[in-house]
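K.L.:
my questions concern the predicted model and sequence given below.
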Amino acid sequence: MSSFEGQMAEYPTISIDRFDRENLKARAYFLSHCHKDHMKGLRAPTLKRRLECSLKVCLYCSPVTKELLLTSPKYKFWEKRIVNSEVTEMYFLSRFLFQGNNGTVLYTGDFRLAKGEAARMELLHSGGRVKDIQSVYLDTTFCDPRFYQIPSRGECLSGILELVRGWITRSPCHVVWLNCKAAYGYEYLFTNLSEEFGIQVHVDKLDMFRNMPDILQHLTTDRSTQIHACRHPKAEEYFQWNRLPCGITSKNRIPLRTISIKPSTMWFGERTRKTDVIVRTGESTYRACFSFHSSYSEIKDFLSYICPVNAYPNVIPVGMTVDKVIEILKPLCRSSQSTEPKYKPLGKLKKARTLDRDSEEEDDDLFDDPLPVPLRHKAPNQQTVHPEVFSTTAVSENEPGKLRQSTGCHKAESMQSSLVANFVDCEESNSESEEELEIPASRQEDLSPVTPSQQKADREVPQWEVFFKRTDEVTDESLENCPSSTEAGGSLSPKLFSDSDGDSTHISSQNSSQSTHITEQGSQGWDSQSDTVLLSPQEKNGGDVTSLNKTGCRPRIKETVPASHLEQNVLCPKDTHSDLKSRDQDITVVPTVGEPTTLTGREHIPEEKSLLNLGTNADSQSSSDFEIPATPEAELPKQEHLQYLYEKLATGESIVVEKRKCSLLDT
DNA sequence: GCGATCAGGT
DNA sequence: CACACCTGATCGC
């Protein structure tokens, strides 16, 4: 369960995966995926009211997330306020990378990345090197030595396929029920099963996938299939009586023979031999290994690779404490690894400021100073916000050719001061106040969007600068003032399965590791296992990464990835005029969004960015970089640092050199 | 009546 | 073990 409060110390004016409390004041929202624990407050009346008053407030999420979100009427009010942030959907994970004056910050969302895979993620690299990441807000669900290793996705999928095969091939009346807990996230499992056996998977509803053909084709509402993933509150009880959640108990008058497979996380210690990706828990019940999150060793591998200055846990595993988790993360962060001086994030440049900043801003200077260095390593959600000024740039990878940048500098007012003012000026009136400028329609069109529906939204897209401003527009008071809104086993081969009691294992993960075949397929999911590789968008047919590959196109493993050229991918909001100014100073949001679930579909979006990645490389990064591991350990003298400095020097910006200190969350 | 929270269960 | 919900009870508005 995510305990992330929604705000990042570096960019406190935006909120991610949390929409309550302090987050009600955010200038922009980001949703990484549609799991309830990441949607807290998203449909609350208070937020809804705020939207009605603040026309600039938008929600950034991937098309797939948008699609799933809007399937529920409860979230319909967001429809016109959703901005497509999809960029590199090839990752199965949903993550956002923010690049701005306060440093490059990565919010991982929930993710699972196999060892070594970070090296293939273009968004994390620049110029053949790992980017200089100031902070990472990490999915630490399994950041506990107890969860040292979790069988790879490919291994797990392989085990499930074999289990299913051993059952459904016995007779048409032998059916399996996939007892899935979460609403989304198992799509890759369904699509792989469907593809493998040529049988669609029965689900209760599939309208949410209506625009995701690659998933849709593998699902059905016809209960006569042999593979079910339907759900019902009393499903377990039904199952006891050989009744599936959808109610059927027989086929052609012949009683069904059913087995249930419950995807659940299985983990193994550092030295334990990994085995049993499938465990038999009863006469006709099994548990199959399945994880949405990275294992302890995967987390460490990932973190040591990106080597950020700071790492903040988004989740505190049960039985752990924040301090303990931090103790684990800290040694993997830069400050503790080398003594080299590191450069602090630069504050906004004066030069940039003058250029970008809106004239209206009053006390810009007050906030000019570079952020106090080490961004506070306080808790992720720090209440005290420092006023900061910065310009933002959003790049959309979608349209390679069109890069829109928006830059602007804003300084933030202190919360108090801005509250009222903003509320009055901006929120109450639909017309944008000075701060929130209207974006020329033409410009907006340029933004990345894609789907028709989105275009509309895009038009209303607020300017990035606004988001990052520190002003808080909403106060309780203001909220109140707003107008109220109107609106069986036994027969299976012993080798394959083991009884939960113990001993026997069945489908060994070790063996399965060889099944590259399966693994490949598995790569579609968001998380790729060790052998799986990230797929490029194209492979998916424009579809989602996740799941799907199967449809016709088999994912190739080792694809080089994606690319998100960060620089290119920016979602960009407004401001054309300031365009290319000092890019460095702008905040770039590079959402690499994917549904954690496997849905990363972009199917509904035609042109898609599929092209995005591939082709163009933005700056210095070339796709070839993937193949080249970016010397993880090479801590320092990074070229990028030098390059960074050169750029700063070239633009006349000031550079602050900081002595390296270890400052991982100072708590 | 609704939402938020907690407990409990799958 | 944990997860990602669900349900139901309680409390407050």
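P.N.:
Now that the structure is in, tell me what you want to look at. All values reported here derive from a predicted model rather than from experimental measurement. Numbers count the residues shown, from 1 in each chain, chains lettered A, B, ... in the order given.
K.L.:
point out where chain A drops to low pLDDT.
P.N.:
In the predicted model, chain A carries pLDDT under 70 at residues A:86-93, A:337-588, A:590-667.
K.L.:
report the closest residue of it relative to DNA strand B.
P.N.:
Using CB to the nearest atom of the strand, the closest approach of chain A to DNA strand B is made by A:Glu236 at 3.1 Å. All C-beta atoms are positioned from the backbone trio N, CA, C, and that covers glycine.
K.L.:
neighbours of the nearest residue to that residue once chain neighbours are set aside, how many?
P.N.:
Closest residue to A:Glu236 apart from its sequence neighbours, by CB to CB, 6 or more residues apart in numbering: A:Asn179 at 7.6 Å. Residues within reach of A:Asn179, counting by other CB atoms under 10 Å, total 21.
K.L.:
repeat that for A:Thr46.
P.N.:
Residues near A:Thr46, counting by other CB under 10 Å: 17.
K.L.:
so, in contact with DNA strand C or not, the helix or strand in which it is found?
P.N.:
Secondary structure from DSSP states H and E places A:Thr46 in helix A:45-53. No: using CB under 7 Å from any atom of the strand, we find that helix A:45-53 stays clear of DNA strand C, coming within 10.9 Å at best.
K.L.:
which positions within that helix qualify as buried?
P.N.:
Applying a neighbour-count criterion of 16 or more other CB atoms under 10 Å, one finds A:46-53 buried in helix A:45-53.
K.L.:
does DNA strand C sit close to the next helix or strand along the chain from that helix?
P.N.:
Per DSSP H and E, helix A:45-53 leads on to strand A:59-61 as the next helix or strand towards the C-terminus. No: under the criterion of CB under 7 Å from any atom of the strand, DNA strand C is not reached by strand A:59-61; the shortest gap measures 14.6 Å.
K.L.:
and the longest strand belonging to chain A, what other elements does it pack with?
P.N.:
Longest strand in chain A by number of residues, with DSSP state E as the criterion: strand A:257-264. Contact here means 3 or more CB pairs under 8 Å, 6 or more residues apart in numbering; DSSP states H and E; on that basis strand A:257-264 packs against helix A:153-168, strand A:174-178, strand A:285-289.
K.L.:
report the angle between the axes of the first one and strand A:174-178?
P.N.:
The one in question is helix A:153-168. Helix A:153-168 runs at 150 degrees relative to strand A:174-178, counting by axes from the mean of the first three to the mean of the last three CA atoms, to 10 degrees.
K.L.:
report the buried residues of helix A:153-168.
P.N.:
Counting neighbours by 16+ other CB under 10 Å, the buried set in helix A:153-168 is A:153-168.
K.L.:
give me the helices and strands touching it, please.
P.N.:
Where contact means 3+ CB pairs under 8 Å, 6+ apart, helix A:153-168 is packed against strand A:174-178, helix A:187-197, strand A:257-264, strand A:278-280, strand A:285-289, helix A:509-512, helix A:516-522.
K.L.:
change it to 6 Å
P.N.:
For helix A:153-168, the packing partners by 3 or more CB pairs under 6 Å, 6 or more residues apart in numbering; DSSP states H and E come out as strand A:174-178, helix A:509-512, helix A:516-522.
K.L.:
and A:Asn308, which of the three is it?
P.N.:
Heads up, residue A:308 is Pro, not Asn. When classified by DSSP: H, G, I helix; E, B strand; the rest coil, A:Pro308 comes out as coil.
K.L.:
tell me the contacts of the closest residue to it other than its chain neighbours?
P.N.:
Beyond its immediate neighbours in the sequence, the residue positioned closest to A:Pro308 (CB to CB, 6+ apart) is A:Ile133, lying 4.1 Å away. Each residue near A:Ile133 by CB atoms under 6 Å, 6 or more residues apart in numbering is listed here: A:104, A:106, A:306, A:308.
K.L.:
tell me the secondary structure at the second one.
P.N.:
Think A:Leu106. For A:Leu106, the assignment made with three-state DSSP gives strand.
K.L.:
name whatever forms a beta bridge with it.
P.N.:
A:Leu97, A:Val136 (DSSP bridges).
K.L.:
strands of the stretch 251-400 of chain A, start to end?
P.N.:
Secondary structure of the stretch 251-400 of chain A by DSSP state E, counting those that start in this stretch: the strands cover A:254-255, A:257-264, A:278-280, A:285-289, A:310-313, A:342-343, A:393-394.
K.L.:
highest mean neighbour count out of the ones you listed?
P.N.:
For these, ranked by mean neighbour count under the definition mean count of other CB atoms under 10 Å, the leader is strand A:393-394 at a mean of 34.
K.L.:
ok, back up a step: so can I have TSV of the strands of the stretch 251-400 of chain A showing distance to A:Thr71?
P.N.:
Shown next, in TSV, are the strands of the stretch 251-400 of chain A (distance: least, CB to CB, whole Å):
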stretch	distance to A:Thr71
strand A:254-255	35
strand A:257-264	22
strand A:278-280	32
strand A:285-289	27
strand A:310-313	31
strand A:342-343	45
strand A:393-394	26
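K.L.:
of all these, which one comes closest to A:Asp144?
P.N.:
strand A:310-313 (10.7 Å; CB to CB).
K.L.:
that closest one - which strands sit beside it in the sheet, and in what orientation?
P.N.:
For strand A:310-313, sheet partners with direction are given as strand A:133-138 (parallel), following DSSP bridges.
K.L.:
just the CA trace of the strand it pairs with, in CSV.
P.N.:
Once side chains and other backbone atoms are set aside, the C-alpha atoms of strand A:133-138 remain, and they are given as CSV (Å, rounded to 0.1, in the frame of the first residue of the first chain):
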residue,chain,number,x,y,z
ILE,A,133,19.0,12.0,-10.8
GLN,A,134,18.5,14.0,-7.8
SER,A,135,15.8,12.0,-6.2
VAL,A,136,13.8,8.9,-6.8
TYR,A,137,10.5,8.2,-5.1
LEU,A,138,10.6,4.5,-5.2
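K.L.:
the closest residue to A:Leu178 other than its chain neighbours: neighbouring residues, count only.
P.N.:
Counting by CB to CB, 6+ apart, the nearest residue to A:Leu178 once its immediate chain neighbours are dropped is A:Ala229, at 4.3 Å. Around A:Ala229 there are 24 other residues, counting by other CB under 10 Å.
K.L.:
do you know how far A:Ala229 is from A:Glu237?
P.N.:
Plainly put, A:Ala229 is 18 Å away from A:Glu237 if you go by CB to CB, to the nearest Å.
K.L.:
likewise A:Met1?
P.N.:
26 Å.
K.L.:
same question, A:Leu219
P.N.:
When distance is defined by CB to CB, A:Leu219 is 25 Å away from A:Glu237.
K.L.:
out of these two, which sits in the busier spot?
P.N.:
Regarding A:Leu219 and A:Glu237, a neighbour count based on other CB under 10 Å identifies A:Leu219 as having more, with 21 against 11.
K.L.:
bridged to that one, which residues?
P.N.:
Each beta-bridge partner of A:Leu219 is listed here: A:Val201, as defined by DSSP bridges.
K.L.:
that one against A:Leu206, yeah?
P.N.:
Yes: with contacts counted by CB atoms under 6 Å, A:Leu219 reaches A:Leu206, the gap being 4.8 Å.
K.L.:
just to revisit the earlier point, my read: the residue nearest to A:Leu178 touches A:Val201, true?
P.N.:
Yes: counting by CB under 6 Å, A:Ala229 does reach A:Val201; the two are 5.2 Å apart.
K.L.:
get me the contact residues on chain A for DNA strand C.
P.N.:
Proximity of chain A to DNA strand C is assessed by CB under 7 Å from any atom of the strand, with A:1, A:35-37, A:110, A:141, A:146, A:181-185, A:233, A:264-267, A:292-293, A:315, A:317-319 identified as the residues in range.
K.L.:
re earlier: and which of the buried residues of helix A:45-53 is nearest to A:Arg287?
P.N.:
Closest to A:Arg287, out of all of the buried residues of helix A:45-53 and judged by CB to CB, is A:Leu47, at 37.7 Å.
K.L.:
go ahead and confirm that closest one touches A:Phe19.
P.N.:
Yes: applying CB under 6 Å, one finds A:Leu47 in contact with A:Phe19, separated by 5.3 Å.
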